Structure formats: structure tokens, C-alpha cells
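>>> can you look at this prediction? I've put the sequence above it.
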Amino acid sequence: MGEILLEARGLSKGFPGVWEHLILDHLDFDVRAGEVHTLLGENGAGKTVIANILSGYYDKTEGEVLIRGNPVNLTSPRDGLAHGIAMVHQELMLVPAFTVAQNVMVGLKAPALSFGLAQVERRLDELVVRYGLQVDPRARVEDLSAGEQQRVEILKVLFHEPQVLLLDEPTSLLTPGEADQLFVVLRAMADEGKGIVFISHKMREVFAVSDRVTVLKLGKMQGTCHISETTEDELTRRTFGETVPDYMERPAVSSDAPAIEVRELVPKGLGSKAPATGMSFRLRRGEILGLAGVAGNGQTELIEAITGLVPPSGGEVWILGEDLTGKTPRAFIEKGVAHIPERRREIGIVEQMFVAENVALKDYRKTPFSKKTVMNQSEITTHAQKIVERFNALVPDLWQTECRILSGGNIQRLILGRETWRKPPVIIASHPTEGLDAKAIRHTWELFLELREQGSGILLVSEDLDEIMSLSDRIGVIFEGAIVGIVEGRGADRELLGHWMAGTTSEAA
Amino acid sequence: MELAHFWGILFISLHAMVPITLAAIGETIEESAGLFNIGLEGILLLGALAGALGAQASGSAIIGLMTGITIGAAVGLIFGVISTTLRGSQLISGVGINLFALGFVALMLTVMGAPGFHSVARDVQVPLIHLGVGSLSPLVIVTVILAVAVWWLLRRTQLGIWIRAVGENPAAADVAGLRVNALRLGAAIAAGAFAGLAGAYLSVDWFGAVTKEITAGRGFIALAIVVFSGLNPLLALLGGFIFGFFDGLATWVATYPGVKDIIPWQFVAMAPYIVTLAVVAGVIGRVKFPKALGVPYMRE
Amino acid sequence: MLPSSWRRRFNPIAESLLAGLIGLIIGGFIMLAFGYNPISAYRSLFFGSFGSTYSWAESLANATPLILTALTFAIAMRGGLFNIGAEGQLYVGALAAVAVSLMHLPSPFNLVVSLLAAMVAGMIWSLPVALLKLGRGVHEVISTIMFNWIAHFFAFYLIANVLTDPKRGERTISIVESARLTRILPMATLNSGILISLITVAVILFFLWRTSAGFEVRAAGYNQEASHYAGISLRKQVLRVFLIGGAIAGLAGAVQVMGRPPYYAVMSGLPQLVNLGFDGIGVAMIGRNHPIGIVFAAIFFGGLMTGGRIMQFDPGVPFELVRVIEGVIIIALAVPELRRLISRFRRKRKHEN
């Protein structure tokens, strides 16, 4: 490994008022030429923030950033690029209506009236060959798959020949096969003398690609070491602080009554990912069906179809024995479907409304909360108070504070309360514990098991394979818009699931 | 209908096309960058006033037009600053501009003498090009040229890519190193300048006067044309001509003996607005707007 | 400092007051530029607005229709929509009220039917806007403006050809005596219409915050995706907001005609109706789209209009300046957190000194 290309000393970042602790707490970190240095940590550890500071997108509150030993003050991502530092964000930062080449042109330093499209396309052709990234520079981004779009992001950045490349969870949209291809590319770049910072929370990737590993937890350094000096268990312990929970014991599924039945379902919005035949599966009352899969394989579209948010293109959705295909969300809610959404702030609540109003967001029409369209304020208040207490939500008051200022965890508690208090027969939970602390996660799992025992059928969609394996009676894997297989939850073979998630077949199958 | 009538209607249509198309072209740049300016109507009005005053004060029509452009650009600047740096509501500031313009122009007209009306001296108006069949204002030609120029700017230059990127995905543009607010501000100033020119054309060229009602909703029709054109200035030219045609037709009908007894003038006057409505209703489904239109951008 | 709940309620009021101040200051500068004395002008303005019982009555009379047109805009804003069609909706409402007078119904039906007819007319005028938005995705800004202009010319037509007063060609027939709104003060324009406006305010207040329909409108206005997720029909809210808004605007037109001596008719050129819709938008904004704020803002505007006429007499500042001030106030309101900007600016200046 070579000289230190990029270094942070005593780096701190705080978001006053929004977070209780410093996002980054006096960190020291460096990247050397020729290495792939992985930043490991769970959600909220600060990995993205430090990368954003190092690339110039965010400002730092304290500390120093040095490039090749010289302190710099990066004011913008363009400034970072000028110094040879480039970042590929987890969120795609593309203009869908533009072609790949046009997207690259956005970041070009060129005279305003020039038009170098042809040159850009040619240069991209070269880069595609050199790094083995399969992308057509003349294709429109909105026509590409998520995996291809991820590759476009990388290509966009390679165009500027950076010395240091920071990648934030680059495999979040890739299958394990595509991820391996990416690792080969990263290795090639490192061998050229570049410094790569690789952010991840997936243990497998860390061991597949890293030279060194740094663990972050809640903004604090937990240690840096060479990958050969550590093990998966040790890193897991440092990152998560706890051992991975095992399968939670529970009485067997007793009923056979259907909660959700999906027949040949083709949800809308799958685009090029749409498979030839639709999905089919069944969720029983009193059962937890876990749906595993890498994000972007159709989970969002499936949920939209079975909650009424977006009518499907084809197939049928049966809830509790009734055909509700294509009906409005209201019909699903009235039938008894609870939906804990992935995007809790954006659609789970109306941020500008008060706590009591958000607790009543789906029940406001029903007695006793309203009668003949007139709302009963005191009933709503009493109910909201009960929910807040039972679910331990920390709220300053019920009718004065906008939910906007609540933390993500508290918002999720309110949503859980609102969705489950009626003991609904069908629950669709999408990433329900993302961003929550360990205690809250535990409580949520226990709540789900309790509801399961009382007869709710729960569809659990999550990227956290550990969560799925601990909670589910049965586990299904979704890959490219199709259900690849469903197995028993108890004693499920993690490796088999991983293969299904990757779209490959294991030798054992 | 005789040939003379045909030329008459054509020329009126072309002249009526100018103000709407100019305003629409400018707004096309602005909406490509993600800003939505309801205040075009107000800028038109202020441009008309500025144009008339500038022309009279200097004795030159060209200076009058330049004054209109400058004032329009200044208002565009104010709108731009409020919408970008100050992250203000574009709809509210646009409405404010319209109200302000209404009041200010009425105020000035009262102060200057005859409340509600002020004519611009003949010799200061833009000279027309006399063709055999009628007289054409040079601004018609200027409008066509500008339409092509702005089309080229948006579709075939680096700057066009930057402007459109900022309108589609300002976060991506920011990360790529573009100065989002600066680009949007520039677009707002440009839109203001175009609308100011359009307004000055109304007073210094076409009508030769300034009244409170001189704009007659043309600013809003320009907004409708931007929708109709799908942010393509060449189609805005077409749309402006179609509207101008109905506008011209209305004038012709109102004065042609015989017809005006059959069709009450009020219904003919309604026609352009009904047509605009029909066109916009018919076309909307197919049009794609920049994703970030109307939303102020903030980092983090 | 004040408890946070107080501060939350106080902030929008403070911002409106600040914007009002900025408007008056800039108005003052313009006056100076034209050679008038702003101090004496503002003195005339304020005494003219609220200096005597008579001027109070006139100001309230001016506020009456503004409260209603402001509510039209405000309800739409609460639903996340931009209804600037009150102008056209009130024209047709006024004419509908006149048309009912043609029917010679017995009183008191006369009055009630006139008001109802006006509300229905307003709804008929706003319904197409909602349908175009739902069916074809037409942005309501464009369609309401088009309908305003269509109503404008349609009104001209009706005044000149259908509802004309046979004796006086330049206006419509007058509203029958039995259908007129009673005056509250002799010699002043103030009539029972103000009660209609205030009752409407109470109704809308109740509607928005105490009914499930109002809850849906507000939720949809804040966040469409979340409302859809919660089972709220977004399409229904569009219809609701435009129909209610149209009805109220129609009512405004009726109240204007049925309450304005000496003729109780619609004049050609629509002098008593024109711009009530647009001024209503300004009132709604200054009133922060809240029914109670709208009442205060409408009285403020109404006062400006009354005082503006006095200001024109002495010291001779043209009445149109009032609209200029309104425009500046609204532009100032467009900037969120205006107060914070100004206090930050003042803090910076203090640091530099």
C-alpha cells in the first residue's frame, strides 16, 4: 500500500437540534494508494456523512481534511473533483430523461455554448471497455434497470479520472453476481494506484473486497485493521454490539384461513424487471411470512399492489377471501389490512399535522372518532393518549406539536400503534425496524409475535436477513419480480436464501 | 372572403403572436430550469409601461424596447432571488408581482395625466416593414429568430444541458458541481427580459398605447402555450400563432360589417380563451414536465 | 420566552404584520418619489379608514365580499390547490342573483333563492376547472384564468343583451326591493351582507377543523401520497374544494349586488365587482389562509380602500397606490421566515460593528 491520499483528522459533524449526539465524533481516517478501505457500520453510524464531507458535499463542524498531506477546505463536490476525489452516492443522482452521455455532460467543465456530446460518448465507450462496465452510453437512463443505473453512476465518476473513489453502499441495487463484477472493477482500479473507500453494512462484501476495514458505531471509531487480521464474528460484534439473534420460538401456525392470497400478480412499475408470469403466494392468518430480497427486486411494487396504492397490471389480490384486485386503498383498509410503510416520514404520516391527528389518520371517519362527519375531539385525544403510552412514543404533546419534529423512531412507534391497535387480521410490514435502536427492534419483534398469536397474518418485507430468519414461519425470496421459492423459517439454510437472492442456484439444490 | 382579408388576418395573427410567443419562449427557459412564474402577466404590464416611457423619454423606439427588456429582467431578478436564495413560494410571489404591476401601472397612468390610458407618439413607435400586401413589424421576424435560438440553446448546447439538469434533478446537478441557484436565477432573469420585451412590444409597437388592460391575460396564455409546447420553443411559436390567429379573427369579426350583427362581439372575444383551454386540455396528457418544476432546492 | 405553542401561533401573525409594514414603507418611498408627503398621506389613509363610525362602516362594507373571495382561495390552498377563479365565479353569481329578481318570487323567498342561485352559479363555474384537472390534468392556474376571462365577456353580454334595464342601457335591472340586503347604518353602504360573510367564516372554520371532510382536505393539502396511503380520495378533495370555493365566490357576487345602493344592479364594465377576486387572494395570503386571519386582513384591505379615497382628496395620492402596497405586501409574504432573515441580518450588522 502506498502513500496516504486522503486523510481526516479529528473530524466532527453535528446536526444541532435534529440529533442528540454528534454525527461524527472526532474521527481519524485515511485512505492509501492501491487499497480498498471499507467503512463498516449499521444504519446511522455516520458512514455516509463522513464520505460526504471527504468529497466536499457536506461541511465539517470541526477537524481537518488533508489531501496528500496538504490541508484542504472543500467547498463543493466540484471542488472535490478538482482535487481528484469523487463519490458515488447510494441514492442515484441521475437525470432520468437524459441519456447516459448527457448525464455525464452535466458534470463537465466546458464552455457554455459548446456541445461535446459525441466526444463524451466516445470516451464513455472507452471506459466501458477498460473497466468492463456494461452500459450503453446512448441509452436513456429511465429505460435502464436499477443495476445498470448504478453502473452509470460509477461511469459518471470515472470520467473525471479521480484518485480517490468513495462508494456508498454501491451494491444496494445489485445482485450478488453484479456485485462480484463490481469488486473486480474496484480491484482493478486499486491496482492502478487509486484509493477506494467502500461503505457497506454487509459482512460478505467486506471480506470479498477489502484490504483494510474501519468500523464506525454511532459516529465513533471502533477500530481499524487489515482484513486478514479479523474475523466475521469479531467485526459483527464490533459493528452491531450484539450477537445475531436466533430463531424466536413460538407455537406452530394453527389456522389455515387465508389472510392474503396473490395469484399470478404482475404489479405495475416493474418495467424491464417484469417476469413472464406473475407472482403467486399465500399468507395464512396467524402466520408470519418473511419476504427476503435485495432492494429493487419488486418488493415496493408488490406492496403497492396488495395495499391498493397502485392497481396491478395483471393477476389477482385476495384479502381474507375477497377479491380486492385494483380497489382503492380505502377498500383494503376497511377490509382490515394494516400497512406499516417503508417510507415512514413521507407517506406514513402527514408531517405537518399533530400527533393526535396522525394517530387518527386512518380511523378518523369511524365512530367514535366522528359521527356524521363531525369529529369528536375528546375521543380522538383519549385514544391518542392511550397509543402514545402503550407504545412508548416520546411526544411533547398531542395537539400542539407537528409530527415533523419527532425523531424517526418515535414516528415509527406512532405508526406501529396506529396500525396494530385494532389487532388487524392482515399486516403488511415493510422494513419495520430500519433505523431503530436494539431495544425498539426487540419490542417490535415481540409485538409481531403477539399479534401473530392473536390471529394476524403478517407479511414481513425486509432487507435484514437476520430479522427475517428470526421472525418468519416461512421465508420467501423475491428476485427480479418473481418469488423464487418459499421455505420453512425454522432452520432455514442461509446460504440457499443467499443464492436465491442472487438469482443463482446453489449446488445443494 | 377576398384575398385582402386573408392577408389582413394573417398579418394580425403574426402581430398577435409576438407578445405571447416571446413571453412563452422566456418562460420555457425558466420552466426548463424548474421555476414556474405566474407573474408573467405583471412583467408584461410593467414592460409595456417601461417601453412607452423609455421610448418617449429618448425619442427612440429601440430604446423603448430596451427599457422594457431591462425592467422585465429586473423583475425577473427579484422573482428569481425570492424563488432560489430565499426559498420563497413561486406562486405567491408571482401573484404579488401581478398585483403590484396592476397597481403600479394604474398609478403611473393616473399620475401622467389621463387615468387608464396613455398613447405613445407615432414617431416613436417601431417602424413597420411595408410589404405590398400589408405592413409587418420587424419584431415578428425577431420572434422567429429568438424561437430558433432558444431551441438551439436548450437542446444543442452545454448550457442547455445544465439548465435542464437543474430543472429535472437539482440534487444530482448540485452533486455534479452545478450552481443550481445561479442557473435558476439566470433563467428567471432571461424569462423576465423576454416578457419585458413582449410588454414593450405591446405599447411601443402593436397598440401604440398603454392601458391597464393592455395585457388581457396574455401572460397566462403564454403559460398555457409553454404547456402546449412541451418546453419546445419551436412549438411555442406554432402555439402563439394559433392563438394569434383567433385573436386576429376576433378583431376582424368585430369590425366586418354583417358578421358582427350575427355573432355578438363578446362571444368572439371569448374564443381565444376557449381555444386555449381546449388545446391545453387536449394536449396535457402527452406532455412531460421537468421533475423539479416549482420546488425550491435546498442542500441537506 | 413565550411557550412554544404560543410562538407557533404567533409567528404567522408576526410575519403578516411585518409584511404589512414593509408594504407601507415601500409605499411611502413611492409617494416620496412622486413628491407627496407620506406622513400626511398615511394619516389621511388611517383616519379615512377607521377614524369615524361612517368610515368604519364603509371599511366593513368593503371587507364583506373580500372575506368571501378570500375564503375561496384559502380553502383551495388548504387543499393544496390554486383557485384563482373567484373573479369569474363571482361575476356569474352576481348575475344569477339579478336573474332571480326577474322571477318575481314572493319575499322572503326572493332573498334566499337569490343567494342560493348565486352559489349554484359559482359552483357551475368552478366545476369544469375541477373536472379538467381530474380528467385531463390541466393545471388550475391556467384554467381558472381562462374561465375568468370567459366570464368577463359573458357578463358583458348578459348585461348588454339579456338582463338589461329597459330604462338604462348601461346596467342590468335592479334587484327587487324585497331581495335587497338591509342597510345597517343609514348613509353608509354597510349592510347585512357582513353577517352573511361572518356566518360563512364560522361555517368554514368548523368545516376545516371539526369535520372529517375538512380533515381530508387539509391532509390532502399537506401530503398527497400520505393521504392516498391513508385511504383518502384525492379526487374527492379536488371536487370539494372547487365546489365549495365556487359557491362562496358566487355568494360574494350576490352580496355585492344585493347590498350596494343606490342601484342594486350590475353596471356595464362591472365596476363594483371587478378585482374583488384578485384582492381576495391578497386578503387570503395576508390572513395566512385562516378564516379568522382572513377577517382581519379583509378589514385591513377594506380600510385601505376606504382610506385610499380620502387620501386621494388630500393630499392627492392616487387611489391605485393602495394596490401597489398590496402587491408589495404579498411579495414580502412569499418569503418564508422573513423575520428570521431580518433578525439574522441585524445580528450580522451588530457583529461587524
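Sure thing, it's come through. Numbering: from 1, shown residues only, chains lettered A, B, ... in the order given.

>>> list of residues touching stretch A:376-393?
With contacts defined as CB atoms under 8 Å, 6 or more residues apart in numbering or on different chains, stretch A:376-393 is touched by A:355-357, A:359-360, A:363-364, A:368-370, A:395, A:398-399, A:406, A:410, A:413-414, A:416-418, A:421, A:443, C:210. For every residue, glycine as well, the C-beta is placed using N, CA and C.

>>> phi, psi for A:Glu264 please.
phi 50, psi 40 (degrees, to the nearest 10).

>>> surely it meets A:Thr277?
Yes. With contact defined as CB atoms under 8 Å, A:Glu264 counts as touching A:Thr277 (6.2 Å).

>>> skipping adjacent residues, who's closest to the one residue in chain B that gets nearest to chain A in space?
Of all residues in chain B, B:Gly177 sits closest to chain A, at 2.7 Å by CB to the nearest CB. Among residues not flanking B:Gly177 along the chain, A:Arg78 sits closest, at 2.7 Å (CB to CB, 6 or more residues apart in numbering or on different chains).

>>> average model confidence for the helix or strand B:Leu237 falls within?
Using DSSP states H and E, B:Leu237 falls within helix B:233-255. Averaged across helix B:233-255, pLDDT comes to 82.

>>> same thing with stretch B:82-95?
Stretch B:82-95 comes out at a mean pLDDT of 87.

>>> so the residue nearest to B:Gly177 sits against A:Gly56, correct?
Yes. Between A:Arg78 and A:Gly56 a contact is recorded at 7.5 Å, counting by CB under 8 Å.

>>> quick one: which of these two has more around it?
Taking other CB atoms under 10 Å in any protein chain shown, A:Arg78 and A:Gly56 do not tie; A:Gly56 has more neighbours (25 against 19).

>>> can you give me the helices in chain C?
Secondary structure of chain C, counting by DSSP state H: helices at C:4-33, C:38-50, C:53-78, C:86-101, C:109-136, C:140-157, C:193-210, C:212-222, C:224-229, C:234-259, C:276-286, C:291-313, C:321-334, C:338-352.

>>> thinking again about what came up before, contact partners for the residue of chain B closest to chain A?
With contact set as CB under 8 Å, 6+ apart, B:Gly177 has these partners: A:76-79, A:81, A:107.

>>> quickly find the element holding it.
Going by DSSP H and E, B:Gly177 is not in any helix or strand.

>>> residue of the stretch 301-450 of chain A closest to chain B, please.
Taking CB to the nearest CB as the measure, the stretch 301-450 of chain A has A:Glu346 as its residue closest to chain B, at 14.3 Å.

>>> helix, strand or coil for B:Asp174?
In three-state terms, and counting by DSSP: H, G, I helix; E, B strand; the rest coil, B:Asp174 is helix.

>>> so what's the predicted local confidence for the spatially closest residue to it that is not a sequence neighbour?
With sequence-adjacent residues excluded and distances taken as CB to CB, 6+ apart, B:Asp174 is closest to B:Val180, at 5.3 Å. B:Val180 carries a pLDDT value of 91.

>>> and for B:Val180, the neighbour number?
Other residues lying near B:Val180 total 23 when counted by other CB under 10 Å.

>>> sorry, back to before: look up how far A:Val31 lies from the residue of chain B closest to chain A.
Using CB to CB, to the nearest Å, B:Gly177 is found at 21 Å from A:Val31.

>>> just checking, the residue nearest to B:Asp174 touches B:Ala165?
No. B:Val180 lies out of contact with B:Ala165 (CB under 8 Å); the separation is 9.0 Å.

>>> shared neighbours of the two, anything?
Common neighbours of B:Val180 and B:Ala165 are listed as B:Ala173 (criterion: CB under 8 Å, 6+ apart).

>>> give the contact list for the spatially closest residue to B:Ala101 that is not a sequence neighbour.
Spatial nearest neighbour of B:Ala101, excluding adjacent residues (CB to CB, 6+ apart): B:Gly42 at 3.3 Å. The neighbourhood of B:Gly42, defined by CB under 8 Å, 6+ apart, consists of B:75, B:94, B:97-102, B:219.

>>> rebuild those as JSON lines, extending it with neighbour count and distance to C:Lys236.
JSON lines is the format used below for the contacts of B:Gly42 (neighbours: other CB atoms under 10 Å in any protein chain shown; distance: CB to CB, whole Å):
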{"residue": "B:Val75", "neighbour count": "28", "distance to C:Lys236": "39"}
{"residue": "B:Gly94", "neighbour count": "28", "distance to C:Lys236": "28"}
{"residue": "B:Ile97", "neighbour count": "30", "distance to C:Lys236": "33"}
{"residue": "B:Asn98", "neighbour count": "26", "distance to C:Lys236": "31"}
{"residue": "B:Leu99", "neighbour count": "27", "distance to C:Lys236": "32"}
{"residue": "B:Phe100", "neighbour count": "27", "distance to C:Lys236": "36"}
{"residue": "B:Ala101", "neighbour count": "28", "distance to C:Lys236": "37"}
{"residue": "B:Leu102", "neighbour count": "24", "distance to C:Lys236": "35"}
{"residue": "B:Gly219", "neighbour count": "30", "distance to C:Lys236": "32"}
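
>>> which among these gets closest to chain C?
B:Phe100 (2.6 Å).

>>> let me know the pLDDT of the closest one.
Reported pLDDT for B:Phe100: 92.

>>> how close does it get to C:Ala220?
31 Å.

>>> how about A:His201?
37 Å.

>>> which one of those two has more residues nearby?
A count of neighbours by other CB under 10 Å puts C:Ala220 above the other of A:His201 and C:Ala220, at 27 against 19.

>>> near chain A, which residues of chain B?
Chain B has residues B:156-159, B:161-162, B:164-165, B:168-169, B:171-178, B:288, B:291, B:299-300 near chain A, with proximity defined as CB under 8 Å from any CB of the partner chain.

>>> buried among those? Need that as a selection in PyMOL.
Entered in PyMOL, the line below selects the buried ones among these, by 16 or more other CB atoms under 10 Å in any protein chain shown:
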select buried, chain B and resi 157+158+159+161+162+164+165+168+169+172+173+174+175+176+177+178
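
>>> what is the neighbour count of A:Trp500?
Neighbours of A:Trp500 under the rule other CB under 10 Å: 24.

>>> kindly report the same for A:Gly132.
There are 12 residues near A:Gly132, going by other CB under 10 Å.

>>> for B:Gly116, give me the pLDDT.
pLDDT, B:Gly116: 59.

>>> show me the helices in the stretch 51-200 of chain A, by range?
Secondary structure of the stretch 51-200 of chain A (DSSP state H, counting those that start in this stretch): helices located at A:77-82, A:100-106, A:117-131, A:146-158, A:176-191.

>>> relative to B:Leu234, which of the contacts of B:Gly177 is nearest.
Nearest to B:Leu234 among the contacts of B:Gly177, counting by CB to CB, is A:Gly107 at 28.4 Å.
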